[in-house]
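[1] Take a look and give me a structure for this.
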Amino acid sequence: MICGLDLGSSKIKVLLVEQNKDGNLELLEKVEKDSEGIRRGIVINKERVSNILSEIFDQLSLTTKKKISSVYTALNGSHIFLVSSRGLVSVSRADQKITEDDIQRVVQAAQSVNLQSNREVFDFFVKEFSIDGQIKTKEPIGLKGVRLEAEVLILTAFSPYLERQKKCILDAGLEISDIIAAPLASARSVLTQKQKELGAGVIDIGAGTTGLAVFEEESLIHLTILPVGSINLTNDIAIGLKIDPDLAEAIKKEYGTCVLKGKDERIKVNLPDGTTLTFSKKFLTKIINARMSEIFDQINQELKKVGKEKGLPGGLVLCGGGAKLNNILDLAKEKFHLPVKIAKPQGILGLEDDPSLALVSGLVLLGADFEAETKKPISQRFWSKIKKFLKIFIP
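    Purely as a prediction, here's the structure:
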């Protein structure tokens, strides 16, 4: 069994899958509970979150009659930053052939970056290697050279937030198999290798955050998490219509749209106190359009940083609960001038086509990737060995 845990600002989602006889992943259980103690993707109250997790996993143990001991989980929040770094070492062998040891040393050297206090490295990705400043490659082992250089992307996080999330999971009696940056987990379930090769991005619109991961030549080139999400639309509606957030959320789901198509109409909603709320669909659309346009404009600024504004042939894929908004594709295509589509999480039998499940399904797929890697002969586990070795040196 492989278990994914998505600690969202609005919902906590758990996905439990098992590999069937044909080697495919099959859904065993899916659980969603209202979130407490999490704000903008960050665990604020670890006791509340831990209690919810204990309830979820106690119930899962009863329904599956199996003990779930470990989870793959995502780290979220705007405190996550991507840092680019380079490392340089001399090739150690006399015959100048590059070995695994040289790879380990150069990537370790690239991770030696000066970070602000209370920040730590929690993951890294090798973009490419350079031999003697001339040959660029992703597979340098066996090639000859004097100097080996590595360009690495390093993910850093605010240490107290990372530790608090780990603690609430451990306090619920669970082990952590791995922690993955949220946009990377979403990308695993909704982007194809071809898209990543051409150049593509995933935009995960959650309740409290919007994550972006951009790929080119199958490698990550940019990642960011914005502290805005679909809850901001709800709050804007609540203010605009002078109603409470719960009613605003219900109105957003039933009547909300990013782009008004057809004629305007008056909408009447019966309130709990017996009165009636009346508003125009045009006014509601104006509120939603303004906030989503602002989020997409911020995403465009991020794409501009890596020279990919209007420059991703593989397009963009929208996921997360916010991707369910009516006519969001029309607004996205207008803003990005790129191919855009709504995510359909792939790779798990029995899982519905729900873009809000992209992150948690990506977690179990990454977990399956890792477990498949560990079943290979030791001689074939090169990158997993390197990553495991180097993570020892991550504080």
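[2] partners of residue 176 in the sheet?
    Beta bridges link residue 176 to residue 71 when assigned by DSSP bridges.
[3] residues in contact with it?
    70, 71, 73, 166, 169, 170 (C-beta atoms under 8 Å, 6 or more residues apart in numbering). C-beta: built from backbone N, CA, C; applies to glycine.
[4] Show me where the stretch 251-395 of the chain dips below the pLDDT cut-off.
    Where the stretch 251-395 of the chain drops to pLDDT under 70, the residues are 375-395.
[5] Let me see the ranges of the helices in it.
    281-305, 328-336, 358-374, 382-391 (DSSP state H, counting those that start in this stretch).
[6] so which of those is the most packed in?
    When the helices of the stretch 251-395 of the chain are scored by mean count of other C-beta atoms under 10 Å, the highest mean neighbour count falls to helix 358-374 (a mean of 23).
[7] May I have that helix as PDB, with CA atoms only?
    Only the C-alpha atoms of helix 358-374 are listed here, as PDB (Å, rounded to 0.1, in the frame of the first residue of the first chain):
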ATOM      1  CA  ALA A 358      -4.100  16.200  -8.500                       C
ATOM      2  CA  LEU A 359      -1.800  16.900  -5.500                       C
ATOM      3  CA  VAL A 360      -2.700  13.900  -3.400                       C
ATOM      4  CA  SER A 361      -2.700  11.500  -6.400                       C
ATOM      5  CA  GLY A 362       0.700  12.900  -7.400                       C
ATOM      6  CA  LEU A 363       2.100  12.000  -4.000                       C
ATOM      7  CA  VAL A 364       1.100   8.300  -4.300                       C
ATOM      8  CA  LEU A 365       2.500   8.200  -7.800                       C
ATOM      9  CA  LEU A 366       5.800   9.600  -6.600                       C
ATOM     10  CA  GLY A 367       5.700   7.100  -3.800                       C
ATOM     11  CA  ALA A 368       5.200   4.300  -6.300                       C
ATOM     12  CA  ASP A 369       8.100   5.700  -8.400                       C
ATOM     13  CA  PHE A 370      10.300   5.500  -5.400                       C
ATOM     14  CA  GLU A 371       9.300   2.000  -4.400                       C
ATOM     15  CA  ALA A 372       9.800   0.800  -8.000                       C
ATOM     16  CA  GLU A 373      13.300   2.300  -8.000                       C
ATOM     17  CA  THR A 374      14.200   0.400  -4.800                       C
END
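[8] And the helices of the stretch 251-395 of the chain: which comes nearest residue 177?
    Counting by C-beta to C-beta, residue 177 lies closest to helix 358-374 out of the helices of the stretch 251-395 of the chain; the figure is 6.3 Å.
[9] Residue 277 is in contact with residue 271, isn't it?
    Yes. Using C-beta atoms under 8 Å, residue 277 is in contact with residue 271, at 5.7 Å.
[10] Please render the helices of the stretch 251-395 of the chain as a markdown table that adds distance to residue 82 to the earlier fields.
    Shown next, in a markdown table, are the helices of the stretch 251-395 of the chain (distance: least, C-beta to C-beta, whole Å):
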| stretch | distance to residue 82 |
| --- | --- |
| helix 281-305 | 10 |
| helix 328-336 | 21 |
| helix 358-374 | 18 |
| helix 382-391 | 17 |
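[11] Sketch out the strands for the stretch 51-200 of the chain, chain order is fine.
    Ranges of strands in the stretch 51-200 of the chain, per DSSP state E, counting those that start in this stretch, are 70-75, 81-90, 119-131, 135-137, 147-158, 175-181, 200-205.
[12] any idea which of the ones you listed is most buried?
    Mean neighbour counts for the strands of the stretch 51-200 of the chain (mean count of other C-beta under 10 Å) peak at strand 200-205, with a mean of 29.
[13] That strand - contacts with which helices or strands?
    Here strand 200-205 touches helix 182-190, strand 210-216, helix 281-305, strand 315-319, helix 358-374, going by 3 or more C-beta pairs under 8 Å, 6 or more residues apart in numbering; DSSP states H and E.
[14] and the last one with helix 182-190, angle?
    Here helix 358-374 runs at 80 degrees with respect to helix 182-190, directions being taken by axes from the mean of the first three to the mean of the last three C-alpha atoms, to 10 degrees.
[15] Which residues does helix 358-374 contact?
    2-6, 8, 13-15, 17, 19, 25, 72-74, 177-178, 180, 182, 184-190, 202, 204, 206, 319-320, 343, 345, 347-348, 351, 381, 384.
[16] now these: which count as buried?
    Buried subset of these (neighbour count, 16 or more other C-beta atoms under 10 Å): 2-6, 8, 13-15, 17, 25, 72-74, 177, 180, 182, 184-190, 202, 204, 206, 319-320, 343, 345, 347-348, 351.
[17] okay, the contacts of residue 176 in CSV with pLDDT and distance to residue 290 next?
    Below are the contacts of residue 176 laid out as CSV (pLDDT from 0 to 100; distance: C-beta to C-beta, whole Å):
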residue, pLDDT, distance to residue 290
70, 95, 43
71, 96, 38
73, 97, 34
166, 96, 38
169, 97, 37
170, 97, 42
